[in-house]
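Q: Generate coordinates for the sequence data below:
(2 chains)
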Amino acid sequence: MTSALPFPSKKDPQKHTPVPVLPPVSRSRASLGLGVMAAQGRFGLQVCVECEAVQYPPRDACLKCLSSELNWQDVSPYGTILAETTIRVSPEPYFRERMPWRMGLVKLNAGPMLNCHLHGEVGRGNNVQMALKLDKAGQGVLIALPLEGSENMQDDPTLRAMSCNPKRRRILISDARAPIALALTEALLKAGASHVFLGEPEAWRAWPERKAFEGRENVSLLPLDATDTSSIAKLSAEIGGKVDILINTASFVRSGGVLGNDTTFARDCFDVNTLGLMRLAQGFGPGMAARAQDGINSATAIVSILSVQSLMPDKNYSAYAASQAAAHSITQSLRAEFRGSGLRLVNVYIGPIEGDPWFQHLPPPKVTPNAVARATVNSLIEGLEEVPCGDIAKDIYARWRADALLLEREITGEAP
Amino acid sequence: MTRQSYEGVVLTAPISVPYVRYTNETAHWWIARALREALIKIKMTPQEIDGLSVSSFTLAPDTPVGLTQHLGISPRWLDTVPMGGACGVAAIRRAARAIQAGDVDVVACVSGDTNRIDSFRNLLSAFSRFAMDATFPYGFGGPNASFALLQDAYMQEFGATREDFGRIAVAQRVNALSNPQAIMKNPLTLEQYMGARMISDPIGLFDCVMPCAGAEAFVMMREETAVAKGLPFARISSTIERTNAFPDDPIQLRGGWAVDIDDLWAMAGHGPEAIDLLQTYDDYPVICMMQFEDLGFCAKGEGPDFVRKHDLTNGGDFPHNTSGGQLSVGQAGAAGGYLGLVEAIRQVTGQAGGTQVENARRALVSGFGVINYDRGLCSSAAIITGETV
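A: Model prediction:
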């Protein structure tokens, strides 16, 4: 049984804020594949194309037949803990701060032996389900989880450090007017978020949906405009020290190709979708990174809601797709820039949203605000980094991963 | 094919440079000290060095090649043995054959490492690719955690208790008190062993070696050379080595000795009963117990009972790790792979001083090394004897 996560005590500004330290960062090239799997929430290892032997630790040639054709693929995550230890002494600062630390050796049913972290509810002799998670260094690591966890299993300190769980955390959603903002707010509160701040751009402009947020417990609407640096600086000065998760929902959509259109709309697309993300990251990111290991409500993630058009050309939304592609590139830079703090950058890729007037004429399937909210909150709880949401985004994302050049030909080859 | 004997090749000039916990000196410095003392013993100048075998973890960025220029020597035969705790026996196997074949006449074998503040953490971080990828991210317990898993499994499988491992550590401390070069100077009781703080359960403080700096050396040559120089010498009667044995065992409950043990005794022409003293590789007592079993002193799983029934001190019925072993002398990196061998040469040539075992004529030395991921990959063993048995 995992005991419920306590409520964090009020921060004492006179006390030292722990400086983020990371678990071991270095990995071989082959082992980076564990992180690729973990970022998507998959459990997979290298499997030999020729003899099908499952390999671990990751390597460059098959341990049974010496073939160098090893593919990363999903494998059965079940196994048994053969031995365990509680480490009480370590020369590595990250673990020294977290002693004692339990780890074990699991015999995976699929073959290999795995050194792994142990969830508090499992121990020697237990049948377990293995998972790949991103640790604070951003690397894929193995953890043994109970087959049937207790109610609070996500509150296990080892598991929680690998997630960006919104429970007991304070979240800033950058644009309350976004079609997904309300569903997201409700999903976050349901998941145990202690407060949801929502940015309200152009507060002077009335919007009927505002009522749904007004007067709600633990929900605040505050002035924030992703295109206005001073509004970001002002809000960051006000609440920056208590933003644990930042979710960027700001988006500006206009349809049309490059030809026959003014660049004014293109500039607006970039101003909101690309530069807006940059401004928010500049305004809130450094403060969040500094608090990335500050106890129960440490800062943990910046979530970027991206259109899946960030991964492909779209001649009907040229400028929008370009601004999304640029934003995608920015998220990758930010991911690298935040790496040293353990602050995670989560990309949720979505297709056209149901009810969004700028995609009104497109046929289904479309993704509902509730589905985006669920996927976003789930990605935070599970500690994912790459999250395609909805049928269209999942389809495009899989095709982009398989062959980006083929995807381009398929998309641009379609009839106008 | 019948193995050729090691006849005509002998081991001389055992040298142990006293260990220190931390040092600013480099591995080069420690190796030079051991080499110099060995050369003085055999009355040779550095320029006359014919062959050199080196084992060290901390020479980087140099290799033993760079070391030759550093030390101003020009050997016609150079070997480097990267087998950690198994390196001593592996070194004599290679050098003996080269001497027999006439490729080289005299081989100085040396092993040493430095230990600066924080260098142990850095050494571990870069120890092996699998350890970097798949061991250290999981709590960074170093070898303590890896052996804790192994001991945990051993205790479950064979019903060993912590007291059983404690008996090994306590007996070695008794031996160490007669060795002025041992780092550990205080007596150790079983109560102290049991009461010490845990390091990585079920490994406690006195199951662990003290990482330190130091060096060990000896010299191999033809028997007639040793006689001409008037040097006491030991002979090699049998050896084995194995790398990555039993890869399909889910967890290491036996080492590579179990593959080759019949070969070891067949070549020696006798069994375990003829052994006067045993030097096992003792990075942790559980590994000593595994060696008692795999070398044939008792059956698999009977290690706990064996240590309950035998006195492992130098005055006892089963003298084991007579210098105090790494558990009491300290672990100077790769020198740990030489410690037991150098002490065994002293024992069978009657030069062991305070730790001398009476009538020590035949010694079995075994090595174990390189936890690359979840288990030690190298095993080795040699039986050496005095001039007359």
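Q: Helices along chain A, start to end?
A: A:32-39, A:93-96, A:157-161, A:181-190, A:229-239, A:263-269, A:276-290, A:318-338, A:369-382, A:391-402, A:404-413 (DSSP state H).
Q: oh sorry, the question was meant for chain B
A: Counting by DSSP H, the helices of chain B are B:27-42, B:64-71, B:87-101, B:119-125, B:129-134, B:142-158, B:162-176, B:190-195, B:223-229, B:257-268, B:285-294, B:303-309, B:325-329, B:336-348.
Q: what is the mean pLDDT for the longest one?
A: It stands for helix B:142-158. For helix B:142-158, the mean pLDDT works out to 97.
Q: same question, the last one
A: pLDDT averaged over helix B:336-348 equals 98, rounded to a whole number.
Q: And for the second one?
A: In this model, helix B:64-71 has a mean pLDDT of 97.
Q: So which bits of that helix are buried?
A: By neighbour count on 16 or more other Cβ atoms under 10 Å in any protein chain shown, the buried set for helix B:64-71 is B:64, B:67, B:68, B:71. C-beta here means a position set from N, CA and C on the backbone, and glycine is covered the same way.
Q: The third one now?
A: By neighbour count on 16+ other Cβ under 10 Å, the buried set for helix B:87-101 is B:87-96, B:98-100.
Q: So for it, mean pLDDT?
A: For helix B:87-101, mean pLDDT rounds to 98.
Q: So what's the residue count around residue A:15?
A: Counted by other Cβ atoms under 10 Å in any protein chain shown, the residues lying close to residue A:15 total 7.
Q: and the residue lying closest to residue B:79 once chain neighbours are set aside, what is it in contact with?
A: In this structure, residue B:79 finds its nearest non-sequential neighbour in residue B:53, 4.2 Å apart by Cβ to Cβ, 6 or more residues apart in numbering or on different chains. Counting by Cβ atoms under 8 Å, 6 or more residues apart in numbering or on different chains, residue B:53 makes contact with B:78, B:79, B:80, B:81, B:91, B:94, B:95, B:107, B:108, B:109, B:110.
Q: Are stretch B:119-139 and chain A in contact anywhere?
A: Yes: Stretch B:119-139 reaches chain A (Cβ under 8 Å from any Cβ of the partner chain) through B:120-121, B:124-125, B:129-130, B:132-139.
Q: How far off centre is that stretch?
A: 22 Å (Cα atoms, centre = their mean, to the nearest Å).
Q: about what we covered before: closest to chain A out of the contacts of residue B:53?
A: residue B:80 (23.5 Å; Cβ to the nearest Cβ).
Q: State the distance from the residue of chain B most remote from its centre to residue B:247.
A: Going by Cα atoms, centre = their mean, the residue of chain B most distant from its centre is residue B:228, 29.4 Å out. For residue B:228, the distance to residue B:247 equals 47 Å [Cβ to Cβ, to the nearest Å].
Q: cool, and residue A:369?
A: Distance from residue A:369 to residue B:247, by Cβ to Cβ: 53 Å.
Q: Looking at these two, which is more packed in?
A: In this view residue A:369 and residue B:247 are compared by other Cβ under 10 Å, and residue A:369 has more residues nearby, 21 against 9.
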